[in-house]
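Undergrad: Sequence below, structure please.
(one chain, ligands or ions: 1)
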Amino acid sequence: MLDIQECLERVTQQARGLARQGRVASYIPALRHVDPDGFGLAVATLDGRVYESGDSRVAFSIQSISKLFSLVLAYQVAGDSLWERVGRLPSSNQFNSLIELELGSGKPRNPFLNPGALAIADLLVSRYTQMEGAIVQLLRELSGNPGLDYDLQVAGGEFEGAHRNKAAAHLMKSFGNFSNPVDDVIRAYCAQCAIACSCRDLALAALFLANGGADRGGKLVLEARQAQQVCALMMSSGTYEASGETAFTVGLPTKSGVGGGVVTVVPRFGAVCAWSPPLDGSGSSVAGLKAVELLAIAMQKTVFG
Ligand code: GLU
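TA: Residues are numbered from 1 along each chain as shown. Alright, predicted model coming up:
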């Protein structure tokens, strides 16, 4: 039987030193000043336990991990019609690239690239008076933490520098794949990226994906097939152009964000979140990815023998 707590302590020892190989996101001051030595790890399991190590309760900017939860919300409100707005193909380009958007006549390749997340945000802005508030609410319910919220300073900094995201939105608008005023959607998208959560919060929030779409109380967040499809997208596109490599090394559905968070789903077992701010060249946490890889190896031995 795997001693998960012992495993977390060992993985923390092994992975946290790798952080110095990466670089902290520097595109806005609020992210540039994050402690590069911060390192947290949490595992929530389907039997109701949570295991933690390091800075597992320190809130960090979830950035692109928010795209996972905006996709969940879009599935809840629009069902399969969301795929009219965005594809589900992997991409070998960076998270904020616009090249394929032009080639794809304004339909982004997947919901985890910035253009895809913006198309989803546009869809949600059409349905909610405050879509970023709806994502915060979903995260509060799933994590059981009523105090989590977005960081206004990060949101403001994101909006100031959101030139590429605005360009992507305008390009989609020119193709007829964007309904709302660009600035309204960008403001909401920047706020969703600026949501602050801890590793504990995110491991608990992602747990339903390991449980066929049902939350801890048994309530369906997504249908089983939709949950499995979200996991498939995490596998094929969750770490951008490095997704093939992550699928090879971690072998499990994984979503990263430039705030240094990494979320991995271990189907029928639990969900993991690692946090370490320094990033690799494709925008994922160096030590965070190594931590989930090491944990995945240990946990899969337990799940599959
Ligand atoms: N706020 C970031 C952006 O839109 C999110 C990118 C990420 O976490 O990969 O540029």
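Undergrad: going forward, measure contacts between C-alpha atoms and count neighbours the same way
TA: OK.
Undergrad: Nearest to the ligand: which residue in the stretch 101-250 of the chain?
TA: Taking Cα to the nearest ligand atom as the measure, the stretch 101-250 of the chain has residue 193 as its residue closest to the ligand, at 5.2 Å.
Undergrad: what's the nearest residue to the most centrally placed residue in the chain if we skip its chain neighbours?
TA: Centroid-nearest residue in the chain: residue 65, 1.6 Å away (criterion: Cα atoms, centre = their mean). Computed as Cα to Cα, 6 or more residues apart in numbering, the closest residue to residue 65 that is not its neighbour in sequence is residue 257, at 5.2 Å.
Undergrad: and the one you found, how many neighbours?
TA: Residue 257: 24 surrounding residues under other Cα atoms under 10 Å.
Undergrad: repeat for residue 93
TA: Residue 93, neighbours per other Cα under 10 Å, totals 15.
Undergrad: That one belongs to a helix, doesn't it?
TA: No: read with DSSP: H, G, I helix; E, B strand; the rest coil, residue 93 is coil and lies in no helix.
Undergrad: if I pick it, what's in contact with it?
TA: Residue 93 makes contacts with 240-241, as judged by Cα atoms under 8 Å, 6 or more residues apart in numbering.
Undergrad: per-residue pLDDT, it?
TA: Turning to residue 93, the model gives it a pLDDT of 93.
Undergrad: any idea how far the ligand is from it?
TA: 12 Å (Cα to the nearest ligand atom, to the nearest Å).
Undergrad: ok, the least confident helix or strand in the chain by mean pLDDT near the ligand or not?
TA: Lowest on mean pLDDT, DSSP states H and E among the helices and strands of the chain sits helix 286-304, with a mean of 88. No: taking Cα under 6 Å from any ligand atom as the criterion, helix 286-304 and the ligand are apart, separated by no less than 13.6 Å.
Undergrad: for that helix, the distance to its chain's centre please.
TA: Put simply, helix 286-304 sits 18 Å off its chain's centre (Cα atoms, centre = their mean, to the nearest Å).
Undergrad: Could you check how far the nearest residue to the residue of the stretch 101-250 of the chain closest to the ligand once chain neighbours are set aside is from residue 283?
TA: Closest residue to residue 193 apart from its sequence neighbours, by Cα to Cα, 6+ apart: residue 63 at 3.9 Å. The spacing between residue 63 and residue 283, counted by Cα to Cα, to the nearest Å, is 11 Å.
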